[in-house]
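*Asks:* generate a structure from the sequence data that follows.
(one chain, ligands or ions: 1)
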Amino acid sequence: MSRVYVPLLLAQLGVIAWAPVHLLSWSYAAVLAMLMLTVAQCWRRLRFSVPHNRPLWSLLLLALVAQFGAFGLLFTDSLSNPLGTLVAFDPTFYFCLGSLLLTIAAAYNPVATLYRWAGVVDAVLACAIAALFYFTLHQVLNAPSPAPPPATFVMWMFDAMGLFVAVFATLRLVSTKRSDERRFFFVLSVFAWLELVVPGIHNRFILHSESYLPELLLGLPFVVLGFLLGRRRKVWLRSYRPSRRIRHLAESVSPFVMSLALCCLAFAQLGKNPVLATSTLILAILSYAARNAIVLGQHLAFEDDLRKLKRGLQQAVVRDDLTALPNRRGFYRLMRREWDGALKTGRALSVAMIDIDSFKAFNDTYGHLAGDDCLVAVAHALHREASLQPDVMVARYGGEEFVALMVGYAPAASEDILERLRQRVEAMQIRHARSAQDVVTISAGLASTATARYTDSDKLLNAADEALYVAKRSGKNRVQWVE
Ligand SMILES: Nc1nc2c(ncn2[C@@H]2O[C@H](COP(=O)(O)OP(=O)(O)OP(=O)(O)O)[C@@H](O)[C@H]2O)c(=O)[nH]1
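*Replies:* Now for the predicted structure:
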């Protein structure tokens, strides 16, 4: 389809060279034909785009339709004024509408549900900018003795509006993370910059020369846009990843750009309509403040959620899922702290490695699920008994192994605690047909800094583990001191 643009451009060039009576009408007709092709390309792109991007492509399509309306009016105007009116008023409405739609497209965030209300503020700002822009044009074009001459003033105003849309679209292009969205903003930015530069050059030539050659430029943005719409997505567009700094900078500058544009329009009104100028300035300031308040509120709520999530994760990292006891990581964290504390205070530290006796046989006999229930029951019994004593904690060391940490207990007292833990498990009378006692029992190996000198906490743990091994070899269901 893109190839059809070439004969259209050549036809327009032919018309300009041939210079018929209705040169402008023929030229506008060529632009309208190019625009129609671009609208068709945009419609095709809209149909094939991912659903969440459809509003973006629809806005671009509507902006093109608005431009079609503007050129349609220029075409009709040129039929009655073959030499063209320098500033035709009616099309400006459609040009303003087109700019409004492009601004909303540049401000629209398809998947940011987080800042939905900020999007509403942006849409209000875009409408206010377009309305004031149109009003200012209306004022200038209808003034009895315009100064500066309206053509120059209108030209500068269109340049400013074009610059605003182009900067805004480019900011979105460099800061968008999603590649499908980036494709849209690439197309929009190129189109917006062309819409700024090409009509700007065209208008200046028209003002200062008699030649109709610049008319050839009018269709150029639509040709390039149609060409881009028909192209596949470029690899560099897909692979580009904006850095976090660029994203944050662009996101914080975007609302500022909108409010600044409104402030500029307010200043243009200052001498003519002070009430409108003041209320516009207030709107610009309030909308900027409201937008920031919305985003800040969302950030604070987000931060709260993150803090809760972090706390939950920290808990999950040190807690065993099955038994809800601290896991090995949680135990090591506590052990390190208590070891350092014991070194400073000289308090005794006792560690017991606890293991359920013949647990493999239990699993084999009653099944893995019953094994899990047994583990939970033993864990709860150990925890309940341990929590009756101050500074005693129990953790699941792994598999069917538990560990008890006792701070500030003399060897006899810690052995006493361990004996009570053992008795408590035995007293539950969980049936275990392949155990010597017919019920589930535990064995424990005990080591204490009060009975030997250990250079680090691992050595103390190893000693308790060795003692457990001895307890197992000596018949199980017992508490054994390290030899
Ligand atoms: N159901 C269940 N079983 C587990 C879990 N973790 C480890 N086990 C089982 O625990 C058993 C441990 O077996 P062993 O290390 O041979 O020890 P044991 O049978 O208790 O023998 P002794 O220690 O000498 O009394 C293995 O069969 C593991 O599959 C668990 O989370 N759930």
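*Asks:* can we go C-alpha only for contacts and neighbour counts from here?
*Replies:* Fine.
*Asks:* so where's the longest helix in the chain?
*Replies:* helix 274-318 (DSSP state H).
*Asks:* now do it: which elements does it pack against?
*Replies:* helix 116-142, helix 244-269, helix 328-345 (3 or more C-alpha pairs under 8 Å, 6 or more residues apart in numbering; DSSP states H and E).
*Asks:* so after the shortest one, what's the next helix or strand?
*Replies:* The reference is to helix 328-345. strand 349-356 (DSSP states H and E).
*Asks:* tell me the buried residues in the helix or strand just after that next one?
*Replies:* Downstream of strand 349-356, the next assigned helix or strand under DSSP H and E is helix 359-366. Using 16 or more other C-alpha atoms under 10 Å as the test for burial, helix 359-366 gives F359, F362, N363.
*Asks:* any idea how many residues pack against K272?
*Replies:* 12 (other C-alpha atoms under 10 Å).
*Asks:* now do the lowest-mean-pLDDT helix or strand in the chain: distance to the chain's middle.
*Replies:* Comparing helices and strands within the chain by mean pLDDT, DSSP states H and E singles out helix 235-239 as the least confident, with a mean of 72. Relative to the mean C-alpha coordinate of its chain, helix 235-239 is positioned 19 Å out (C-alpha atoms, centre = their mean, to the nearest Å).
*Asks:* let me see the domain layout of the protein.
*Replies:* 2-309, 328-481 (automatic domain parsing).
*Asks:* do you know which of the helices and strands packed on helix 274-318 lies nearest A11?
*Replies:* Across the helices and strands packed on helix 274-318, the minimum distance to A11, taken as C-alpha to C-alpha, is reached by helix 116-142, at 33.3 Å.
*Asks:* quick one: list the elements packing against the closest one.
*Replies:* helix 89-107, helix 150-175, helix 244-269, helix 274-318.
*Asks:* can you rerun that using 6 Å?
*Replies:* For helix 116-142, the packing partners by 3 or more C-alpha pairs under 6 Å, 6 or more residues apart in numbering; DSSP states H and E come out as helix 89-107.
*Asks:* average model confidence for the helix it packs on?
*Replies:* The pLDDT scores in helix 89-107 average 82.
*Asks:* and the helix or strand containing R384, which residues are buried?
*Replies:* Using DSSP H and E, the element containing R384 is helix 368-386. By 16+ other C-alpha under 10 Å, the buried positions in helix 368-386 come out as 371, 374-383, 385-386.
*Asks:* what of stretch 185-205?
*Replies:* 185-196, 198-200, 202-203, 205.
*Asks:* still on that earlier bit, which one, of the domains of the chain, ends up nearest to the ligand?
*Replies:* Nearest to the ligand among the domains of the chain is domain 328-481; the distance by C-alpha to the nearest ligand atom comes to 3.2 Å.
*Asks:* so, low pLDDT: which residues of the stretch 351-483 of the chain?
*Replies:* Applying pLDDT under 70 to the stretch 351-483 of the chain flags no residue at all.
*Asks:* where exactly do the strands run in it?
*Replies:* Under the criterion DSSP state E, counting those that start in this stretch, strands of the stretch 351-483 of the chain are mapped to 392-398, 401-407, 442-448, 479-481.
*Asks:* can I get the CA coordinates of the second one in CSV?
*Replies:* The C-alpha trace of strand 401-407 is given here as CSV (Å, rounded to 0.1, in the frame of the first residue of the first chain):
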residue,chain,number,x,y,z
GLU,A,401,15.6,-33.4,63.0
PHE,A,402,15.0,-30.6,65.5
VAL,A,403,17.4,-28.5,67.5
ALA,A,404,16.9,-26.9,70.9
LEU,A,405,18.9,-23.8,72.1
MET,A,406,19.0,-23.1,75.8
VAL,A,407,20.6,-19.9,77.1
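*Asks:* that one: partners in the sheet, and parallel or antiparallel?
*Replies:* Applying DSSP bridges, strand 401-407 is found paired with strand 349-356 (antiparallel), strand 392-398 (antiparallel).
*Asks:* over to the shortest one?
*Replies:* In the sheet containing strand 479-481, the strands it pairs with under DSSP bridges are strand 442-448 (parallel).
*Asks:* what about the closest residue to R319 other than its chain neighbours, neighbour count?
*Replies:* Of all residues not flanking R319 in the chain, P326 sits nearest, at 4.3 Å (C-alpha to C-alpha, 6 or more residues apart in numbering). Residues lying near P326 (other C-alpha under 10 Å) number 24.
*Asks:* so what does P326 look like in phi/psi?
*Replies:* phi -60, psi 140 (degrees, to the nearest 10).
*Asks:* so how many other residues sit close to the nearest residue to E401 once chain neighbours are set aside?
*Replies:* Distances taken as C-alpha to C-alpha, 6+ apart put D355 closest to E401, at 4.5 Å, once the chain neighbours are dropped. Neighbours of D355 under the rule other C-alpha under 10 Å: 26.
*Asks:* the stretch 301-450 of the chain against the ligand: which residues are in contact?
*Replies:* Selection of the stretch 301-450 of the chain residues close to the ligand by C-alpha under 6 Å from any ligand atom yields 356-361, 363, 368-369, 371-372, 399-400.
*Asks:* reformat those into a markdown table and put distance to P144 next to each item.
*Replies:* A markdown table is the format used below for these (distance: C-alpha to C-alpha, whole Å):
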| residue | distance to P144 |
| --- | --- |
| I356 | 100 |
| D357 | 104 |
| S358 | 104 |
| F359 | 101 |
| K360 | 101 |
| A361 | 104 |
| N363 | 99 |
| H368 | 94 |
| L369 | 92 |
| G371 | 95 |
| D372 | 92 |
| G399 | 92 |
| E400 | 95 |
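*Asks:* mind putting the helices and strands packed on helix 274-318 into TSV with mean neighbour count and mean pLDDT?
*Replies:* Shown next, in TSV, are the helices and strands packed on helix 274-318 (neighbours: other C-alpha atoms under 10 Å; pLDDT from 0 to 100):
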stretch	mean neighbour count	mean pLDDT
helix 116-142	19	84
helix 244-269	18	85
helix 328-345	16	94
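*Asks:* low-confidence ranges, the stretch 151-300 of the chain, go.
*Replies:* In the stretch 151-300 of the chain, residues with pLDDT under 70: 233-235.
*Asks:* so whichever residue of the stretch 201-350 of the chain sits closest to the ligand, which of the three states?
*Replies:* Proximity of the stretch 201-350 of the chain to the ligand (C-alpha to the nearest ligand atom) peaks at L322, 7.4 Å away. Per DSSP: H, G, I helix; E, B strand; the rest coil, the local secondary structure of L322 is coil.
*Asks:* for the remainder of this discussion, apply numbering that starts at 28.
*Replies:* With 28 as the first residue, the last one maps to L349.
*Asks:* and it, what pLDDT?
*Replies:* 96.
*Asks:* ok, and the closest non-adjacent residue to it?
*Replies:* V403 (6.8 Å).
*Asks:* sorry, back to before: can you list contacts of the least confident helix or strand of the chain?
*Replies:* Around helix 262-266, the neighbours that count as contacts under C-alpha atoms under 6 Å, 6 or more residues apart in numbering are S206.
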